[in-house]
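Participant: sequence-free structure coming up:
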């Protein structure tokens, strides 16, 4: 019962350890550790060491020599301009303008007062001095000119005049052409300003989200309520409020590490383009929020933000039940690894999995060096996300005691890589002077997923993705072929769930649309299968019987189909994320729209007698089976935030607390069946 009772909500502790040299004006001080969190371009104690990420035309490879490379390759001059446009080699960061060598972002050239080129800070300016003029982004080689000014063939893809001509993008306010690009520039936070994922905090505030407050500092008003594009999406973290918002709170209590930025915030800076690596972005006009599931691995950044603003977050690691590690390894293969010649971990080259594995091992080592909590319970209370294609199949062995939140519930112990994408295969070793033992020795011997210890969690789906679903209060409809993806899924009775290069999100698509999942993946747990009765709302068919799929589905009695549809109505809210204020607002708007549409005069009820369109069998009329004229699942009309995916994960973690203490007995408990 010790883990069931609410706990007293204590005032948050505050750090007071000063950092070296004010972090050189290019970092923020973590007053808990006295460690400087350096922004892109800087590293080391006090953020005094330059760490350039120059624009380049090629990437390092271990076969370049047996030496250890310490600096990334560059193809820019000291002023940030490309060395020679007529050299045709390219990677994404190749620059047809002036390169920001902190981030490998290209901007227009053109120094005149009426032009739109980048003007760097004057030479000799103190670190952290912003450019005189940011300039228009000319982000990648795809946007650069394909000839020089005098007509020689160059590395880019656009007519020179479209970029630098009299009506060129870099020269006039209303050009004939503009690249399809944008960037998250400076956005207000509660107590800081953020640029591409890295936040600069107000004096005395610290942490990834600038929510922590130095000892002795007065509580300052948050800017979130007065910043419309933030107030509609997030809230001030409850853990930061004084006095606490209530006398008690429920467990689990989770401490979110402020990692070395190279493993988290700086990776977001290096991503360059707003859609990558995140689940939302601010866009024009008026910095409106755009929810995006284009980045299929977005559950890691979503969980991070959900925890930052959750009542489950604690600033006191001594009272924490769990420690969440918000690494950004899933962002490393693309776009980070393809963009420039930095960062790399244990040297460049090898399968992309090698880079992710080495980054996570470095992250674990960094935690162990700066905090005592890994050793306290041997990592059993630490939470790691594995959202990439093959989940935690390649997780480093040093994390074997930890909890893995993954999308891929593959259970066979002797597994080999399932992906058809060769650069991501983890069953090919790679040895170099940087890592002579290879990387596979650090990951071999564990399964991809351990039921009870780990959890298969849903991928993020933006609310509009399932706008036609009963989950969004839309009226269930009989099957019709016309319509978009959401329309067709919401009108379907059965939806196929098969693997991809690893996991796929087809189960989430099916459940979120009230469609019975037909699971054809052997020896794999689908989302929440260890805590929910998946068989009550799905059909599982062995891969060997795939040629009999129609026969098997046609043999399912209609009453059993109705039973499964009804059970979908009891669980599908657990497969959507709705705990963020912005997601909740978006869902409520969708539900209101769908409820208004449902209040229109109904169409005459369809006769269910005759040939059943799914089973192919003769069926009796609805009158012969009372209740069969009701379409299932019924439209959802409840609170969209209750028992959503995040709450389900928290409930499961609560059941795991005894296991992290070595007491056992918690892993079998479920969120609800």
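Facilitator: Here it is on my side, so go on. Keep in mind the model is a prediction, meaning the values are calculated, not measured.

Participant: need the helices for the stretch 201-350 of the chain, in chain order.
Facilitator: All helices of the stretch 201-350 of the chain, identified by DSSP state H, counting those that start in this stretch, fall at 228-231, 265-270, 299-308, 337-339.

Participant: make CSV out of those helices and add mean pLDDT.
Facilitator: Converted to CSV, these look like this (pLDDT from 0 to 100):
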stretch, mean pLDDT
helix 228-231, 83
helix 265-270, 94
helix 299-308, 95
helix 337-339, 91
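
Participant: out of those, which one sits most buried?
Facilitator: With neighbours taken as mean count of other CB atoms under 10 Å, the helices of the stretch 201-350 of the chain reach their highest mean count in helix 265-270, at a mean of 26. All C-beta atoms are positioned from the backbone trio N, CA, C, and that covers glycine.

Participant: where does the closest residue to residue 74 other than its chain neighbours fall, secondary structure wise?
Facilitator: Nearest non-adjacent residue to residue 74, counting by CB to CB, 6 or more residues apart in numbering: residue 54, 3.6 Å away. For residue 54, there is no helix or strand it lies in under DSSP states H and E.

Participant: what count of nearby residues applies to residue 54?
Facilitator: The number of residues packed near residue 54 is 22, by other CB atoms under 10 Å.

Participant: all the helices of this structure, residue numbers only.
Facilitator: Here the chain has its helices, by DSSP state H, at 160-164, 228-231, 265-270, 299-308, 337-339, 352-370, 373-376, 485-490, 506-512, 549-554, 558-571, 581-598, 645-660.

Participant: which regions of the stretch 401-550 of the chain sit below the pLDDT cut-off?
Facilitator: Within the stretch 401-550 of the chain, the ranges that satisfy pLDDT under 70 run 476-482.

Participant: out of the helices of the chain, which comes closest to residue 48?
Facilitator: Checking these against residue 48 by CB to CB gives helix 265-270 as the closest, at 16.3 Å.

Participant: from the chain's centroid, how far away is that closest one?
Facilitator: 13 Å (CA atoms, centre = their mean, to the nearest Å).

Participant: what's in contact with that helix?
Facilitator: If you take CB atoms under 8 Å, 6 or more residues apart in numbering as the criterion, helix 265-270 is touched by 37-40, 53, 103-104, 195-199, 208, 259, 261, 277-278, 301, 328, 331-332, 336, 339-340, 343.

Participant: that older thread, surely the residue nearest to residue 74 touches residue 81?
Facilitator: No. Counting by CB atoms under 8 Å, residue 54 does not reach residue 81; the two are 11.5 Å apart.

Participant: can you tell me how far residue 567 is from residue 537?
Facilitator: 4 Å (CB to CB, to the nearest Å).

Participant: which of the two has more residues huddled nearby?
Facilitator: Neighbour count, other CB under 10 Å: between residue 567 and residue 537, residue 537 has more, with 24 against 20.

Participant: thinking again about what came up before, and of the helices of the chain, who's closest to residue 427?
Facilitator: With CB to CB as the criterion, residue 427 lies closest to helix 352-370 of the helices of the chain, at 9.6 Å.

Participant: tell me which other helices or strands the closest one touches.
Facilitator: Judged by 3 or more CB pairs under 8 Å, 6 or more residues apart in numbering; DSSP states H and E, helix 352-370 is in contact with helix 373-376.

Participant: how far is the helix it packs on from where the chain is centred?
Facilitator: Centroid displacement of helix 373-376 relative to its chain, using CA atoms, centre = their mean, is 26 Å.

Participant: which residues sit against it?
Facilitator: 255, 317, 320, 323, 364, 367-368, 381-382.

Participant: would you list the buried entries among those?
Facilitator: 255, 317, 320, 323, 364, 367, 381-382 (16 or more other CB atoms under 10 Å).

Participant: now do the strands in the stretch 251-400 of the chain.
Facilitator: 254-256, 280-283, 288-291, 322-324, 382-386 (DSSP state E, counting those that start in this stretch).

Participant: among the ones you listed, which is nearest residue 171?
Facilitator: Among these, strand 280-283 sits nearest to residue 171 (CB to CB), with 25.4 Å.

Participant: listing partners with orientation, what would you give for that closest one?
Facilitator: Pairing partners of strand 280-283, with direction, according to DSSP bridges: strand 288-291 (antiparallel).

Participant: in the strand it pairs with, what's buried?
Facilitator: Quick answer for strand 288-291 (16+ other CB under 10 Å): 289, 291.

Participant: with stretch 7-20 instead?
Facilitator: Neighbour-count burial for stretch 7-20, counted by 16+ other CB under 10 Å, picks out 9, 12, 14-15, 19-20.

Participant: switch those over to CSV; also include distance to residue 572 and pLDDT.
Facilitator: Listed next are those as CSV, based on distance: CB to CB, whole Å; pLDDT from 0 to 100:
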residue, distance to residue 572, pLDDT
9, 32, 94
12, 36, 88
14, 42, 94
15, 43, 95
19, 48, 95
20, 52, 89
